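Colleague: Output the structure for:
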Amino acid sequence: ADWTVEETTALIKYLHVHRSEHADTGNFCQVTYVNAAEHIHPLHQTGKIKDYKNVSIKWGLIKQIYNAIMTYRRGSGEHWDNENGANICGVADAEKWGKFVAIKRNTIMRPFHNKGWEYLHFMEDIFPWGS
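Modeller: Residues are numbered from 1 along each chain as shown. Sure thing, here's the model as predicted:
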């Protein structure tokens, strides 16, 4: 399913409010996904209306981004802040970054070379111990 920025934001904010409902794995029960789908329904513009399966899949992708950022942040000597992301400046940094994001599991980090992630503070509240 195609997700608009508005739908994604509404989903993350909904799950943030209901963060106490997630399990140790970071997933939510089906009823939470059903309720989240109903919550974002008024934002629907085109294409398939999102159901609990679409919400669950989108949540999995959001968690992947969060986990990638947290892994990068924990990396020895790697810079990260939520305003400038990895703050890639200069040729040497760009080469190092290029090699990092060329690895398949790291491609999800590509957008964050010089910008943060607008949902990070919500995710840190949902996973205060990391995920």
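Colleague: just the helices in the protein please.
Modeller: Under the criterion DSSP state H, the chain contains helices at 5-17, 30-40, 52-74, 90-102, 120-126.
Colleague: Output the below-cut-off pLDDT ranges for this structure.
Modeller: For the chain, the stretches with pLDDT under 70 are 76, 130-131.
Colleague: Dump the helices of the chain to JSON lines, plus mean neighbour count and distance to residue 108.
Modeller: Yep, even glycine has a C-beta here, placed from its N, CA and C like the rest. Output for the helices of the chain, formatted as JSON lines (neighbours: other CB atoms under 10 Å; distance: least, CB to CB, whole Å):
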{"stretch": "helix 5-17", "mean neighbour count": "17", "distance to residue 108": "15"}
{"stretch": "helix 30-40", "mean neighbour count": "18", "distance to residue 108": "22"}
{"stretch": "helix 52-74", "mean neighbour count": "17", "distance to residue 108": "5"}
{"stretch": "helix 90-102", "mean neighbour count": "13", "distance to residue 108": "9"}
{"stretch": "helix 120-126", "mean neighbour count": "17", "distance to residue 108": "14"}
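Colleague: Closest to the centroid, which residue in this protein?
Modeller: The centre of the chain sits closest to residue 62, judged by CA atoms, centre = their mean, with a distance of 3.1 Å.
Colleague: Pretty sure residue 123 sits against residue 67.
Modeller: No. Taking contacts as CB atoms under 8 Å, residue 123 lies outside contact range of residue 67: 9.4 Å.
Colleague: now the closest residue to the residue nearest to the centre of the chain other than its chain neighbours: how far from residue 36?
Modeller: Spatial nearest neighbour of residue 62, chain neighbours left out: residue 12 (6.5 Å); criterion: CB to CB, 6 or more residues apart in numbering. Using CB to CB, to the nearest Å, residue 12 is found at 10 Å from residue 36.
Colleague: repeat for residue 70
Modeller: 23 Å.
Colleague: now swap in residue 64 and tell me
Modeller: 18 Å.
Colleague: With residue 82 instead?
Modeller: On the measure of CB to CB, residue 82 and residue 36 end up 24 Å apart.
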